[in-house]
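Chemist: I would like to see how this sequence folds:
(chains A, B, C, D and E)
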Amino acid sequence: MTQLVYLVPLFPLIGFLINGIFWRKMPKTAGGVIGTLTILASFIVSLGIFFEVKNSGTATMVHLFDFINSGKLSIPFTFQVDALSSLFLLIITGVGFLIHVYSTSYMHEDEGMVKYFAYLNLFIFSMLLLVLGGNYLIMFIGWEGVGLCSYLLIGFWFKNRDYTNAAKKAFVMNRIGDLGFLVGMLLILYTYGTLSYQDFFGQLKGGQVIVSTSTYNWIAICLFIGAMGKSAQIPLYTWLPDAMAGPTPVSALIHAATMVTAGIYMIARSSALYNLAPMAQTLITWIGLATAIVAATIAMKQYDIKKVLAYSTVSQLGFMFLALGVGAYTTAVFHVMTHAFFKALLFLGAGSVIHAMGGEQDLRLMGGLGKKMRITQITFLIGCLAISGIPGFSGFFSKDEILAMAYAHDPILYYLGVFAAMMTAFYMFRLYFLAFTGIFRGTHDQEHHLHESPWAITIPLIILAILSVVGGYVGLPAVISEHHALASYLAPVVANTGEHHMLAGTEWMLMGISVSVSVLMIIVAYVRNKKPAFAPNTGVAKFLENKWYVDELYDAVIVRPIGAISRLLDRFAERAGIDGIVNGVGKLVGWGGDRVRLLQSGQVGFYIFVMVLGIIALFTLGFFWIR
Amino acid sequence: MKAIIAATISGVILMFAGILVKEKKNAVTLAVILLLALLGVNIYEVVSTPAAAPQAFFNNMLRIDRYAVWFNTLLTGCTLLYVLLIGKEIAKVGSHVAEYFALICFILCGLYILSGYNNMLMLFLGIEIISIPQYILAGSDKKNLKSSEASLKYFLMGAFSTGILLMGITLLYGATGSFYITNFTFLQADSLNVLALAGIILVMIALSFKVSAAPFHMWTPDVYDGAPTAFTAFMATVAKAAAFIAFLRLFQVAFGSLSNSWTLVLSVITAATLFVGNITAVFQQSVKRMLAYSSIAQAGFMLFAVISVNAIAWQGIIIYAVAYSVATIGIFAVLLKLKDYTYDGFNGLAQKEPTLAFVATIFLLSLAGIPLTGGFMAKYYVLSAAMQQGHLMWLVIFALLMAAISVYYYFRVIIAMYFKPGNPELNSPVTQTDKFLLILTCAIVLLIGIFPQLFLSV
Amino acid sequence: MYEVLFWFLTIMAIGCALGVILSRNPVNSVLFLIATFFAISGHYLLLNAQFLAVVNIIVYAGAIMVLFLFVMMLMNLNADVEPQKSRLAQLAGMIAGGVLFLVILAALRTASLSVLDKQSNDIGLIKNLGKVLFTQYVLPFEISSVLFLSAIIGAVVISRKEEVHSTVADGSVNTSDIK
Amino acid sequence: MILVLLITIPLLAGILAFAIKGEGVKILALLSAMATLGIAAYVSGNNYNASISFTAPWIPNIGTQFSLMADGMSGMLCLLTAIVLLVVVIVSWNKKFEKPNSFWGFMLLSQAGLMGVFLAYDALVFYVFWELALVPVYFLCSRWGGEKRIPVTFKFFVYTFVGSLMMLAGLIFLSQQTPGANSYSWINIVHAGASLPPATQQWLFWLLFIAFAIKMPVFPFHTWQPDTYEQSPTPVTIILSALMVKMGLYAVLRWLLPVLPSGVAYWSDTVIVLSVIGIVYASLIAIVQTDLKRLVAYSSIAHMGLMCAAAFSANNIGMHGIMVQMFNHGINITGMWLMVSLIENRWGTRDMSKLGGMATAAPLMAIALVIISLANIALPLTNGFVGEFMLFNGIFQGSSQYHMVYMIIAGLGVILGAVYTLNMIQKTAYGNVTDMVIAKDLSMNEYIGVAIIICIILFLGIYPQPLLDMTSGMVK
Amino acid sequence: MPIQYYLFLSMALFSIGIMGTLMRRNAIIIFMCIELMLNAVNLLLVAFSKMYVDSSAQIFVFFIMVVAAAEVAVGLAVIVMMHRKVHSVDINILNRLKH
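Modeler: Residues are numbered from 1 along each chain as shown, chains lettered A, B, ... in the order given. Presented below is the predicted three-dimensional model:
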């Protein structure tokens, strides 16, 4: 089965090609069905692979063809199937399939539906390349590929200038990160002469190449810059909230469940490297934590339902990086998985809401939707509980594990993490209460149209809701079960480092603290949003609503100066400067010609005079200069 | 030697024909026939001259080798081409058509002397033989004041330069006691007599005047501009080539071993020539005057052959003289078809007379030195000769920059012809014969550019 | 005697030459030039070039200068005052000529040349010269005929009046508006 | 002999074209282009490990022979030339040029010149073709170009001509250092140049390099380019930017790096710094351009800068990358120009502020534009990526002390490239439809042309190995 | 008598001739000054002839005279032609050809 791994990306590719080539002529439904079925097929294959890997536990290399072969540089197009990639395959195809199903309904009204599915399939294909690649370059291909798809999907409604701006921003920010990734890759190539995971990690472990820690750090940091872009970490996170311009399922798939976790995947994949790079790890830890907190604060004051979720995603990604930073790789992957479930759920739920609201996304104009949309409400609530880390839901297990690992690393991290988690609970439930409870605040027309979404939307919601609950049980905390199913599954590839065996009591206490603050915040959220009043925000709240003014800051510090410099260069350096010099030489020749011409006065006496002067000069030269 | 006699006889025949032949057309025909005969004699000389050593004539007054007769042959060919292309226009200059051709034959005679002289007296006579007819030709359009002015200017300055030349020759004689250039080779480079050095410099200056090198070039634009266009074409080409071969011969054969003492002086002359010629040509409004300046610029390139004392220089001057002459004669032939000699006069020629525009383009490309035209090979040879000297790289680079400037004024004509609208007035209709001859000329230009060795086969 | 003659002739030559260039009247210039030629002929005699001395008188002073004088009279140029160059131009010309003289002098100052012996020889006699001219120099002698032919043609071409009377061609302005 | 055909077919077809009246000349051009492509494909396909050469005597007394050689690099560039010309012919099929016979005649002549440049194995032959490629292009630009064409193309001509002349001086000098001072053969030039003392190589370097730098163009020598591209008719712009700039790079690889090793080593840092500055500089300027042609022109400068930097990094992978990228950039930039010309044709303007809505009005065009643009910014799985990756790798592993810094600054071009390219897509393809002159999607011939480009982009993006194999022999 | 004397005399005459060409406006006088230059040359040649006891220099002088005569013929013809048109032999009016 693992040898058939190429089928996994192949199906979406076929789907993409069919939809992409015939997008103008194909009926919408057919496009949706083809798109969905191909992902289903991939999912089935992925399942097979997953279980085979689970049984064998070994990594398999599937060599497809030579991609780049130049002298010492040999980069084959190879897939590596092991526990990590197979798990991600499952998440991607699984969640992806559900979102495809959801989309068949959600996008049905849109004229570009076939195109949409083509993009979606292409995205799945790229994402699969990313996780399947047997070396960094293949990963990079997928890495940029998902960036492209993200760009295309964010700008899906291309007539809207803001949307296309958002798409552009996403792409460019990703590219900044990609440059870091590229430099990282080149550093690896430079140092080790290979990009293949096996060779690279083998050499890292074997220590054939003696390098200093700073080299490790540099490689790790460069790769991490790539992850910053893709996984929306400070300072490259601002694209993600803007990316909500795309259709909601896209947000669910790309900007919550899969693409943004690519950074986590990559670092988890490179755990062998990061273990050797303490400085990079510290950096990751703090950046992750900062992201988690900053994004959470912003999320608390957003009114756009998708923006809240977007910042929540950023914040959760911050958690994952916190985990990576403290060496808890499997924990991070664990959180990726649970987060994929509940965040997809939340986004799809939000999509359902938006669908019902006729495109309205402002929380201030919602309220009381639960009455009309029971399934959506319940599944959404499950999602909220999961993300808030309420025991029994998947988020609890993964997040708690992160916090525990952080505590083990440094208690400060733990407290700050709990602070972020606390805010998570608050903003999620603020969202929930604002949208689903209370009275409807929208227009009468909208109220009239409120309805539960069709089955194609609700079924994925239900499935994801179930997963959001049970998903956590693959990684029970140590105090409950010694057998961490996920950790043991991933063990051949990646394992947590620095396992500090905590006392059971301590662990219980940590859980207790985090759960209780979350519950407390839910209550606070309920109280504050029971009868919401939307006065304009002031002070800190306004600061938060305006996202710390980071966009404005970037605009002032980076975007505008670059524009200004470009304009200056264009006008002065280019036209007046360099071209001016070139043209000036031409003009000088012309001017000189005009002057020298005047010597030709027409007076033969003057001509003879010049001749005599010439004779004198040449005589002087010939006699007194040479001799 | 036979060529000198033949040229003289041709001249005399034409001179008398001036009295006998009344029809202008017949004079042209006679001139063509005589030039063909002259060409035949030259070719016979090429065949009969042994390749190895030069033949001495009349107590070593002349030493004619295969190279010299080949040079003569090619330039006689150019003259023939010139008469074929421009003969009709020569006939329009004035009433003494046959006499003009006689003068042309005498100039050829001077050329033959200058390519083979071995005595300074012969040099002096040769220079005078090519100069005096030129004074006359320049002033031959008596209806035109400019022509007379050109003639007088040329004459005064020419006579002045003759004085300089003679003083140079005298000083050289004072240093060596001989007029034979082969005897000058006994001059020692390390202990060079000041008289000899002064003589060399003065002769160099006089010859620079004849080849219109700066700062002794100032007659050139005025004379070439003022002279009847039909004769400018000849003066700027074959007559100038004759002065060049004299220059080259003297400085290679006689002073080659002394090159250290005069290279710098000549380099300065060369640089100045290139600079003045090119930069002044840029701002001209009249194509004819531009061509006059361009001939100065081209002379700058030909001086490279004189500076470089090596075998390539000999080849360079031959190829340069021929390529430059053919292209210049061609462009003058086109110019003569037009009423208006300004750049604007060329506007839209490509639409009206595509053949004329096309051949003019090829000629101009050749003058600019674009590959596959003769001009490129010519520049190539002289530059590579100079580079073989080793220490003249700066001059070569300077020359190349100037060559780039030359593109400016040559291409202005092309731009006018092809890219500007207009309806140029023609002097006379372009006949099939004209077209054929022009295309033939064009083919020669390309042939020189592609297979230069055909012109160097001796 | 020789020295006295030499210095006399030298001073005469230079003085008359200066007279040529300094006298205002063109006719005076011609006369000064003829005097210069006589002085030079005198030098020829001192240098045993008897034939040349004679030829110089006949050809130069006799034929050529008479031709000049003739032309000048023809043109009615015997006016006392003819247009002069500006003082500046004259000064510049003077300085340029002077500098040239000094430069050449400085250059040739070190020329190592023998002293002429006063012994007279007969190479300058017409017999010797004739021999050399018609043996060694026969070719130039013949070739110079070409020069004369050219000059003849020149005289014909240039001096003979055109049949068609002067029309304004090539944009040139009519001659009458030139002073 | 087959190499001679590569030159003579377009040459003769070009000359013949002048004699044909009317639009029928396109058929001749098409036939010639196809025939050339066939031969070029055969030559380059044949060249995996061997090279073909042809030698005929030319001018023996100056030591030059009409000597041609096609190894992987030459074959590849000939193939590129043939492909590009074919695409140009196909896409311009319905375009009416004034005096079509001269237009296509000059196009074919320039192709002949380019083929000659890429095949020449003798320095003088190389120089001759170098100029020969230029002259028809000059006529094309000046005759069929935009409003300011005459001064602009004239500047272009003189500018490149100055460089060429410097190169000529350098080549003559080199040939005089060969045994017997009498050979222009590549191998002799290389031996002669490499054995020169370093000091000589150092000044000689500039004589040769300036010509190539102007052609590529490298940073301070580039100002002819945007103007010329802007003013030229698009088929000519394609020839210029897809092929003629490659002449510069090709010349660096063939006639500079092996010839003057010490000179190159001495100046490589300078050149890399210039190139790297050029990348950032051109990219920044591209951001503020509103004219599509100028934008693409600056993007081309940035791309060539990258290749140039890699060329001087003295690294095999980088070299191999250049080979790949020369081809790919040729294809991509052809695609870009095609799109620009199609846009201009449909909207009647190249001003981006007046464009928009292509994705609605002409979706096929929009797709093509997006794909080609993405290839232009080297997205993985398009052909641009492999080359650029190898180039970056080459610069990164370069021999210079600051190799990493160079690479990182050059890498900024990747980001800035994304900015201006996406700007362009946004302004042309997205948004609402603005006034169109002709509201029509791709016509059949345009479709074929664009499809060829896109197929190559994708094929070589996914499977670049054929291209790598073709040129692997070049990397020593 | 040192030959330098003749050299210097000749040079002086030569320079005076040059000065004359520079200082005068009358074409005929300029021409005469050129003749003066030629005579300076002739004088020097004759002096050298004596020094080397070689008659060829004297032959040369002879030829110079011959050529000078021919030149005078042409030159005066040109001047006369000019005079016929502009009624002047002033070289300053020769200025239609310039720049």
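Chemist: What is the neighbour count of B:W394?
Modeler: By other CB atoms under 10 Å in any protein chain shown, 10 other residues sit near B:W394. The C-beta positions use only the backbone N, C-alpha and C, and glycine is treated the same way.
Chemist: Any chance of the backbone angles for the residue in chain E positioned nearest to chain A?
Modeler: The minimum distance from chain E to chain A, using CB to the nearest CB, falls at E:K98 (2.8 Å). Dihedral pair for E:K98: phi -160, psi 180, per degrees, to the nearest 10.
Chemist: Which residues are in contact with D:A199?
Modeler: Residues near D:A199 by CB atoms under 8 Å, 6 or more residues apart in numbering or on different chains: none.
Chemist: should've said A:M428
Modeler: With CB under 8 Å, 6+ apart, A:M428 has these contacts: A:V308, A:S312, A:L346, A:C384, A:I387, A:S388, A:A525.
Chemist: Following the chain onward from the host helix or strand of it, which element is next?
Modeler: A:M428 is part of helix A:411-436, with elements assigned from DSSP states H and E. With elements assigned by DSSP H and E, the helix or strand that comes after helix A:411-436 is helix A:444-449.
Chemist: Could you report the separation of A:H255 from A:C149?
Modeler: Distance, A:H255 to A:C149, using CB to CB, to the nearest Å: 11 Å.
Chemist: In terms of neighbours, single out the busier of these two.
Modeler: More crowded of A:H255 and A:C149, by other CB under 10 Å: A:H255, with 30 against 25.
Chemist: That one falls within a helix, correct?
Modeler: Yes: the assignment for A:H255 (DSSP: H, G, I helix; E, B strand; the rest coil) places it in a helix.
Chemist: From what I see, it and A:M244 are in contact.
Modeler: Yes: using CB atoms under 8 Å, A:H255 is in contact with A:M244, at 7.2 Å.
Chemist: Can you check which residues contact both of these two?
Modeler: In contact with both A:H255 and A:M244: A:A310, using CB under 8 Å, 6+ apart.
Chemist: residue contacts, A:L47?
Modeler: Contacts of A:L47 by CB under 8 Å, 6+ apart are A:L90.
Chemist: And the next helix or strand past the helix or strand where it lies?
Modeler: Assigned by DSSP H and E, A:L47 belongs to helix A:28-56. The first helix or strand that comes after helix A:28-56 along the chain, using DSSP H and E, is strand A:60-70.
Chemist: and the lengthiest helix in chain A, is it in reach of chain D?
Modeler: Counting by DSSP state H, the longest helix found in chain A is helix A:161-192. Yes: remark: helix A:161-192 sits within contact range of chain D at A:161, A:164-165, A:167-168, A:171-172, A:175-176, A:178-179, A:182-183, A:186-187, A:189-190, by CB under 8 Å from any CB of the partner chain.
Chemist: same check, this time on stretch A:232-239
Modeler: No: if you take CB under 8 Å from any CB as the test, stretch A:232-239 misses chain D, and the best it gets is 11.4 Å.
Chemist: quick revisit: mind checking how far the helix holding A:M428 is from the chain centre?
Modeler: On the basis of CA atoms, centre = their mean, to the nearest Å, helix A:411-436 sits 21 Å off its chain's mean C-alpha point.
Chemist: as a whole number, average confidence for that helix?
Modeler: Taken as a whole, helix A:411-436 carries a mean pLDDT of 87.
Chemist: Could I get the buried residue list for stretch B:334-353?
Modeler: By neighbour count with 16 or more other CB atoms under 10 Å in any protein chain shown, stretch B:334-353 contains the buried residues B:334-338, B:340-343, B:345-353.
Chemist: do the same with stretch D:115-134
Modeler: D:115-134.
Chemist: With stretch E:51-67 instead?
Modeler: Buried, per 16+ other CB under 10 Å, within stretch E:51-67: E:51-52, E:54-67.
Chemist: top helix in chain E by residue count?
Modeler: helix E:56-86.
Chemist: Whether that helix contacts chain C - can you check?
Modeler: Yes: using CB under 8 Å from any CB, helix E:56-86 comes into contact with chain C via E:56, E:58-59, E:61-63, E:65-74, E:76-81, E:83, E:85-86.
Chemist: which other helices and strands contact that helix?
Modeler: Packed against helix E:56-86 by the contact rule (3 or more CB pairs under 8 Å, 6 or more residues apart in numbering or on different chains; DSSP states H and E) you find helix B:120-138, helix B:145-176, helix C:50-55, helix C:65-74, helix C:126-134, helix C:138-159, helix E:27-52.
Chemist: what would these look like in JSON lines with distance to chain D and mean pLDDT?
Modeler: JSON lines is the format used below for the helices and strands packed on helix E:56-86 (distance: least, CB to the nearest CB, whole Å; pLDDT from 0 to 100):
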{"stretch": "helix B:120-138", "distance to chain D": "29", "mean pLDDT": "94"}
{"stretch": "helix B:145-176", "distance to chain D": "32", "mean pLDDT": "93"}
{"stretch": "helix C:50-55", "distance to chain D": "50", "mean pLDDT": "90"}
{"stretch": "helix C:65-74", "distance to chain D": "52", "mean pLDDT": "88"}
{"stretch": "helix C:126-134", "distance to chain D": "43", "mean pLDDT": "88"}
{"stretch": "helix C:138-159", "distance to chain D": "34", "mean pLDDT": "90"}
{"stretch": "helix E:27-52", "distance to chain D": "42", "mean pLDDT": "92"}
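Chemist: May I see the ones you listed organised as CSV, with distance to A:R441 added?
Modeler: Shown next, in CSV, are the helices and strands packed on helix E:56-86 (distance: least, CB to CB, whole Å):
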stretch, distance to A:R441
helix B:120-138, 103
helix B:145-176, 98
helix C:50-55, 129
helix C:65-74, 119
helix C:126-134, 130
helix C:138-159, 112
helix E:27-52, 110
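Chemist: Tell me which of those lies nearest to D:M339.
Modeler: When those are compared by CB to CB, helix B:145-176 sits nearest D:M339, at 58.7 Å.
Chemist: Any part of that closest one near chain C?
Modeler: Yes: interface with chain C: helix B:145-176 contributes B:L145, B:K146, B:S151, B:L171, B:G174 (CB under 8 Å from any CB).
Chemist: Please tabulate these in a markdown table, including the columns neighbour count.
Modeler: A markdown table is the format used below for the residues of helix B:145-176 next to chain C (neighbours: other CB atoms under 10 Å in any protein chain shown):
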| residue | neighbour count |
| --- | --- |
| B:L145 | 25 |
| B:K146 | 22 |
| B:S151 | 31 |
| B:L171 | 31 |
| B:G174 | 28 |
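Chemist: farthest pair in those residues?
Modeler: B:L145 and B:G174 (43.4 Å).
Chemist: wait, doesn't A:K28 sit right on A:K115?
Modeler: No: with contact defined as CB under 8 Å, A:K28 does not reach A:K115; the gap is 10.1 Å.
Chemist: Between the two, which is the more surrounded one?
Modeler: Per other CB under 10 Å, whichever of A:K28 and A:K115 has more neighbours is A:K115, with 22 against 18.
Chemist: That's all I had, so thanks and see you.
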